[in-house]
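In: What follows is a predicted structure for the sequence shown.
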Amino acid sequence: MALDFGELRYSSSRAYDELEDEDTENTRSVEYRVTINIAHPEGETGLSKCDRLILSYGTLAIDFCETLLLSEQCVNCGSIIVEEEAPANSDLTGDFRPRKPKPSTLYIWQNSVLMCTVSDDVVSAVANTFSSKLLGLVNSECNVMILSSHHYGQLQGCYSPAVDGNCSIHSLCSPAFIYKPAYIPLPQPATIDSVPAAVLSECIVESIPCVLYPIFTETYSTGDLDLVAESLLKVFTREPFKNIVSSLDQNKLHKYRSRNPRKEMLDRYM
Amino acid sequence: MIFYPKKEFVQINLSDYTLILPSVSVGNVGQLAVDLLISTLPSVKIGIVHHAALYPLVGSDPYNADSTEVVTSADLHVVREHSMVLMQIRSPLIKKERQTFLKEMLSWCKDVAIKNIIILASCNAFERWEHSQIMGSQLRYLTTLAEDREALRSLGAVELEEREDEYGQKHRFLSGAGYVEHLMKMR
C-alpha cells in the first residue's frame, strides 16, 4: 500500500504483514532460484557419504566455524547460491548494477563431516527450498547440527548467560536425535525462524537426527568471538560431534581479532 | 501431502471430524483462539503441517513446559470427544505459495473425509461501516452452506453485512482477515 506523506499507517499484528494480503499489481511476488555447485571429485555421491552435517547461521556462528573449526584438512567442496529472479519488467527496479549473490559455502572434513556457512542471501521466504536442497545432499542417517547466533531480544526476556560465558545458549532437537544435547531447551516464548527453523522442520519431517544450538548475545556487532567461543566449544564435547575440535586455539582467535579492527571498534560502543 | 503424522497416529481416522484453523490475520485473534482451544480441551498433538508456503519457525512446546517436543510453523491436534481437529498456524503464508497450500489443504481434508472447516479470523476495527457493527456485538460469521446459516441465525449469531463499494456493487468486506476469502472461493 503506497502511503502519502503524513498519512497514518495503522499498525498491524507482528505476525501479519498487511502487504502480504494485497493483490495489487504493484506488490511484486519475489521468486528465488537456488543452485548447487559441487566441486567434490566424486560429485554429490562424495557428499552423501558424510555422516555429520554442521550448519552455521548468523555472523558470530559463521565466524566461529570459519575461524576455529575449519582446519587445513577442510576442503571447499562447493556452494549453494540463492538468487532473486529478475522481474519480467526490469524498468520496475531500475537495477542497472545487479549485485553478485553471496554463496553459502560447503566444506568437507576427512570425507565424513560436511559444513555449510549460510549466506545472508538466504532469506526466510526461500529457507524451506534451501534446506530441502541442502539436506538432499546427505543421507537420512546423517546427524545434523545447526549453530545459529541471534540478538538476545529474540529470547523475549529469558536471557540468562552462563556463569563462564557472555552468551546464552539453548537447544532444540528433532525426535530422531538420540543424544543428550549440551544445553537446555529454548525457553518459551522464544522462537527461531529462517534457515535454522527450516532445516530443523525438514529434519522432523524426514526423521533425520538434528540438534539446533541457538546462541544469543547482547550485541549485534561482531569482532568479539570470545563472547561465544567457549560456550560453542562445549557442543563438541558431546556425541556425535565429539573430537571435531578439541580445544580453543588462542592463535586463531588472535588472528581473528587482528582481522576485525573495525568490528572491535563497534563493540566498544555497544 | 502437507500433514506429517507422528508414528503412533499414522492410521488415525478423521472421518466426519470438524477442522478448526486460524487465518493469520490482524491481532492474531484466530491463533489465540486456537491456542485457547488446544490448552483447555483434552487435545493430543498428532503431527505437524509442513509446506513451502509456511515461513519456517521452531520453538519449545507452548502447552507443556516439561516437554522437549519442538513446535513448528503449523501443527495438528485432535480432540476425540468432540470429533474436532485443531490446526494451529504460527506464521504467515508466503504469498507466492498460498494458493498451492490452500489447495493441498482442501485436498487433504477431502482425502481424510473432514466434514466441516471452521476458520477463525479477525478484521480491522477501523473498517467497520455500519452503526450496528460499531456499537453491537463484534462477532460475525460467513458460511458457504445455507443450512448452516439457518442454524447460526437461530442461535442469535450475526452474518457479516454486505458493503457497497464505489461502483455500487455489494460484497462481503474482510479487511486484514488473511486468506479467508481465498479459501472460501476455492470450496
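Out: Yep, that arrived. Numbers count the residues shown, from 1 in each chain, chains lettered A, B, ... in the order given.

In: got any ranges where the chain has weak pLDDT?
Out: Just going to use chain A. Within chain A, the ranges that satisfy pLDDT under 70 run A:1-29, A:86-96, A:98, A:162-165, A:220-223, A:246-248, A:261-270.

In: could you do chain B instead?
Out: Scanning chain B for pLDDT under 70 picks out B:1.

In: Give me the residue at the spatial middle of it.
Out: residue B:21 (2.4 Å; C-alpha atoms, centre = their mean).

In: Quick check: bridge partners of the nearest residue to that one once chain neighbours are set aside?
Out: Excluding the flanking residues, the one nearest residue B:21 by C-beta to C-beta, 6 or more residues apart in numbering or on different chains is residue B:87, at 3.9 Å. Every C-beta, even on glycine, is put in place using the N, C-alpha and C of the backbone. Assessed by DSSP bridges, residue B:87 has beta-bridge partners residue B:76.

In: was I right about residue B:87 contacting residue B:18?
Out: No. Contact between residue B:87 and residue B:18 fails when scored by C-beta atoms under 8 Å: they sit 11.2 Å apart.

In: any idea which element residue A:139 lies in?
Out: Using DSSP states H and E, residue A:139 sits in no helix or strand.

In: Strands of chain B, start to end?
Out: Under the criterion DSSP state E, chain B contains strands at B:3-5, B:18-22, B:44-49, B:57-60, B:70-71, B:74-79, B:84-89, B:116-120, B:162-164, B:170-172.

In: Give the other helices and strands that the last one contacts.
Out: So that's strand B:170-172. strand B:162-164 (3 or more C-beta pairs under 8 Å, 6 or more residues apart in numbering or on different chains; DSSP states H and E).

In: Was I right to think the residue nearest to the centre of chain B contacts residue B:117?
Out: Yes. In terms of C-beta under 8 Å, residue B:21 counts as a neighbour of residue B:117; the distance is 7.2 Å.

In: who's the residue nearest to the spatial centre of chain A bridged to?
Out: With the centre of chain A defined as its mean C-alpha position, the nearest residue by C-alpha atoms, centre = their mean is residue A:57, 1.7 Å away. Listed by DSSP bridges, the beta-bridge partners for residue A:57 are residue A:148.

In: longest helix anywhere in chain B?
Out: Within chain B, and with DSSP state H defining each element, the longest helix by residue count is helix B:98-111.

In: Give me the contact list for it.
Out: Applying C-beta atoms under 8 Å, 6 or more residues apart in numbering or on different chains, the contact partners of helix B:98-111 are B:1-3, B:19, B:51-54, B:93, B:117, B:179, B:182-183, B:186-187.

In: Buried ones among those?
Out: The neighbour-count test (16 or more other C-beta atoms under 10 Å in any protein chain shown) marks B:2-3, B:19, B:51-54, B:93, B:117, B:179, B:182-183 as buried among these.

In: Now the residues you listed in TSV, please, with extra columns for distance to chain A.
Out: Listed next are the buried ones among the contacts of helix B:98-111 as TSV, based on distance: C-beta to the nearest C-beta, whole Å:
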residue	distance to chain A
B:2	10
B:3	10
B:19	20
B:51	8
B:52	5
B:53	9
B:54	8
B:93	8
B:117	20
B:179	8
B:182	9
B:183	13
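
In: Narrow the residues you listed to those in helices?
Out: Among the buried ones among the contacts of helix B:98-111, DSSP H puts B:182-183 in helices.

In: Relative to residue A:74, which of the strands of chain B is closest?
Out: Set against residue A:74 and scored by C-beta to C-beta, those come closest in strand B:57-60, at 28.3 Å.

In: partners of that closest one, with directions?
Out: Here, using DSSP bridges, strand B:57-60 pairs with strand A:191-193 (antiparallel), strand B:70-71 (antiparallel).

In: I am finished for the moment; much appreciated.
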